[in-house]
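Chemist: here's a sequence, model it:
(one chain, ligands or ions: 1)
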Amino acid sequence: MLKFAPLINNLLNMTRITVAKGDGIGPEIMDATLDIILTAGAKIEIEEIEVGEKVYLSGNTSGIAPEAWNTIRRNKVFLKAPITTPQGGGYKSLNVTTRKFLGLYSNVRPCKSLHPYVSTKHQVMDLVIIRENEEDLYAGIEHQQTDEVVQCLKLISRPGCEKIIRYAFEYAKQQNRKKVTCFTKDNIMKQTDGLFHKVFEEIAQEYPDIENEHWIIDIGAAKMADTPEAFDVIVMPNLYGDVLSDVAAQITGSVGLAGSANIGEECSMFEAIHGSAPRRAGQNLANPSGLLQGAIMMLNHIGQTAIAEKVQNAWLKTLEDGIHTYDIFKEGISKQKVGTREFARAVIANLGEKPTVLKAVSYSNNAALNLPKYKRKPAAKKVLEGVDVFVHWNGSNPDELAGKLHEIEFKDINLTMITNRGIKVWPEGFKETFCTDHWRCRFKSRVGVEINKTDIITLLQNAVDKNIDVIKTENLYNFDGKAAYSLGQGQ
Ligand code: NAD
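Modeler: Numbering: from 1, shown residues only. Next comes the predicted model:
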């Protein structure tokens, strides 16, 4: 029967989707969401999978069984309720794994205030956060390197930047939005956030009709929390987007109101932005709106825009009627405090209705965006200029360490700098600078002279012979005539 399902679905115009009811409040908000969209006429066939806490606790550290992956990959569209990642080591977040395994590079999180029906300090807020979803510190590559220092690698790639930034501009164009803002911290992270900003400047040129601007994330975040109406679409690297989209959702009235779409070239996943709220579970209390918003984005994505529109307008009308769950209930504004199921019933009763004060939606052009595939650029001319050798050393006087390191120099490859947590401590460091047991020791050849990998091996062999505890190295490259590594702070 399963064999013929795609054919039958085609004939009936049905889309088969994967559904996971998740943990905590997940099953309650998923039942409410499915009830609403199916009553509204969504043409979907549901294939349910089990993911999350039960699977983790059965001994599967990824929280999902291989058969469930097959279902997700076959159906391509995934509606997922929040899941609980058990505390303690050894369990990997299934959300991050799913986004990365399926190449869901774009995380779209609209945050709109619903004044005067949902209490908020920001009455005209209507912004969309587009969060890069696959890289940055979420690569999860972490190591302890010395007694005192652990490291997390921040990876930012050109394809990653191009894909998400182009998505942000295409989204703005499709949704008739006027401005795309980029948040980074490239005054500090000149290589990683610097690349994100640079690619933003390049791609913005292709969209002359859309205003563009860049803010340093700290003041940008402050401005967004204070004056969100100054923003329209905001694109940013993964970690900043994770943090700021919760802030943006919360200041519209409740984190329980916002949904999110995770979009890739082949697959997509739709969810609420909040977690499984275990303290609220099983009490018919939770607001299903966040997951419902995710489901509405899903309906648009699979081309069922009329149903999406009908559900969104019924939801707006319900909020306008003052029928509110506990998280947005406010005396004087709300009329009736309801539970999850009653809220869903109220939305169902309003199907076909439109809000009268809040603006009714009309989804004329909300189909899935089809972006061109990333084209790899021609390789640059790459020259090896030196190497940073990271050393575990328990001493405290950098001059003493420099003395040891001079003993391993050879040919023209010389020690040029030592830093500790990035700040230059040799030559000419400050005695006030606090030093840990983790030292970056930069070796370079004379200006303009290339070194090779064998030179690095010789340098490391010299270090081993002198009992210097090398913990890792980073090659210092020059790409197309430009040094592509950071200076020491204070250098
Ligand atoms: P949370 O978002 O689950 O809940 C924080 C608080 O926000 C709740 O206690 C509740 O007061 C409120 N809240 C959240 N959603 C609500 C809703 N729909 N209606 C009403 N109130 C709501 O955050 P947490 O407590 O930090 O995380 C709980 C679990 O969820 C953790 O295991 C975490 O790993 C997981 N989590 C999962 C996802 C996901 O599946 N996408 C995302 C974030 C967190």
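
Chemist: interface residues of the stretch 51-200 of the chain facing the ligand?
Modeler: By CB under 6 Å from any ligand atom, the residues of the stretch 51-200 of the chain that approach the ligand are 82-85, 95. For every residue, glycine as well, the C-beta is placed using N, CA and C.

Chemist: now do 8 Å
Modeler: By CB under 8 Å from any ligand atom, the residues of the stretch 51-200 of the chain that approach the ligand are 52, 80-87, 93-95.

Chemist: would you pull up the residue in the stretch 301-450 of the chain closest to the ligand?
Modeler: Asp327 (3.9 Å; CB to the nearest ligand atom).

Chemist: need the nearest residue in space to that residue, chain neighbours excluded.
Modeler: Ser254 (4.4 Å; CB to CB, 6 or more residues apart in numbering).

Chemist: spit out the contact partners of the closest residue to the ligand within the stretch 101-250 of the chain.
Modeler: Closest residue of the stretch 101-250 of the chain to the ligand, CB to the nearest ligand atom: Asp246 (8.0 Å). Listed by CB atoms under 8 Å, 6 or more residues apart in numbering, the contact partners of Asp246 are 255, 273-274.

Chemist: likewise for Pro288?
Modeler: Counted by CB under 8 Å, 6+ apart, Pro288 has contacts 28-29, 32-33, 36, 325, 340, 343-344.

Chemist: which residues touch stretch 45-53?
Modeler: 5, 9, 14-23, 26, 34, 63-65, 67-68, 71-72, 75, 80, 83-84, 86, 94, 276.

Chemist: same thing but 6 Å
Modeler: When contacts are defined by CB atoms under 6 Å, 6 or more residues apart in numbering, stretch 45-53 is touched by residues 9, 14, 16, 18-20, 22-23, 63-64, 68, 71, 83-84, 94.

Chemist: so which elements touch the helix or strand where Gln151 lies?
Modeler: For Gln151, the element it lies in under DSSP states H and E is strand 150-152. With contacts taken as 3 or more CB pairs under 6 Å, 6 or more residues apart in numbering; DSSP states H and E, strand 150-152 sits against strand 142-144.

Chemist: in its sheet, what does the strand it packs on sit against?
Modeler: strand 150-152 (antiparallel) (DSSP bridges).

Chemist: you'd agree Glu331 is in a helix?
Modeler: No: under DSSP: H, G, I helix; E, B strand; the rest coil, Glu331 sits outside any helix and is assigned coil.

Chemist: what about it, how many neighbours?
Modeler: 6 (other CB atoms under 10 Å).

Chemist: for it, phi and psi?
Modeler: phi -60, psi 140 (degrees, to the nearest 10).

Chemist: and what of Gly259?
Modeler: phi -110, psi 170.

Chemist: look at it and say how many residues are nearby.
Modeler: Neighbours of Gly259 (other CB under 10 Å): 25.

Chemist: quick revisit: which members of the contacts of Pro288 occur in helices, if any?
Modeler: Judged by DSSP state H, helices contain the following of the contacts of Pro288: 28-29, 32-33, 36, 340, 343-344.

Chemist: can you count the residues close to the closest residue to Leu292 other than its chain neighbours?
Modeler: Distance criterion CB to CB, 6+ apart; nearest residue to Leu292, sequence neighbours excluded, is Thr33 at 4.9 Å. Per other CB under 10 Å, the neighbour tally for Thr33 reads 30.

Chemist: for Thr33, give me its contacts.
Modeler: Applying CB under 6 Å, 6+ apart, the residues near Thr33 are 288, 291-292, 295.

Chemist: so how far is Cys267 from it?
Modeler: 20 Å (CB to CB, to the nearest Å).

Chemist: repeat that for Thr318.
Modeler: 31 Å.

Chemist: so those two - more neighbours on which side?
Modeler: Thr318 (25 against 20).

Chemist: ok, now how distant is that one from Val389?
Modeler: Taking CB to CB, one finds Thr318 at 63 Å from Val389.

Chemist: now this structure against the ligand: closest residue?
Modeler: Counting by CB to the nearest ligand atom, the chain gets nearest to the ligand through Gly275 (2.5 Å).

Chemist: show me what contacts that residue?
Modeler: With CB under 6 Å, 6+ apart, Gly275 has these contacts: Pro82.

Chemist: helix, strand, or coil at it?
Modeler: Gly275 - assigned by three-state DSSP - is coil.

Chemist: next up, phi/psi of it, please.
Modeler: Dihedral pair for Gly275: phi -100, psi -160, per degrees, to the nearest 10.

Chemist: pull the number of nearby residues for Glu142.
Modeler: Glu142: 10 neighbours (other CB under 10 Å).

Chemist: counting neighbours, what do you get for the nearest residue to it once chain neighbours are set aside?
Modeler: Of all residues not flanking Glu142 in the chain, Cys152 sits nearest, at 4.7 Å (CB to CB, 6+ apart). For Cys152, the count of nearby residues is 11 (other CB under 10 Å).

Chemist: got a markdown table for the contacts of Pro288, with distance to the ligand and pLDDT too?
Modeler: Converted to a markdown table, the contacts of Pro288 look like this (distance: CB to the nearest ligand atom, whole Å; pLDDT from 0 to 100):
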| residue | distance to the ligand | pLDDT |
| --- | --- | --- |
| Glu28 | 9 | 98 |
| Ile29 | 6 | 98 |
| Ala32 | 10 | 98 |
| Thr33 | 11 | 98 |
| Ile36 | 15 | 98 |
| Thr325 | 6 | 97 |
| Thr340 | 8 | 98 |
| Phe343 | 10 | 98 |
| Ala344 | 13 | 98 |
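
Chemist: I'd like those as JSON lines, with distance to Glu162 appended.
Modeler: What follows is those, written out as JSON lines (distance: CB to CB, whole Å):
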{"residue": "Glu28", "distance to Glu162": "40"}
{"residue": "Ile29", "distance to Glu162": "35"}
{"residue": "Ala32", "distance to Glu162": "38"}
{"residue": "Thr33", "distance to Glu162": "34"}
{"residue": "Ile36", "distance to Glu162": "37"}
{"residue": "Thr325", "distance to Glu162": "40"}
{"residue": "Thr340", "distance to Glu162": "41"}
{"residue": "Phe343", "distance to Glu162": "41"}
{"residue": "Ala344", "distance to Glu162": "41"}
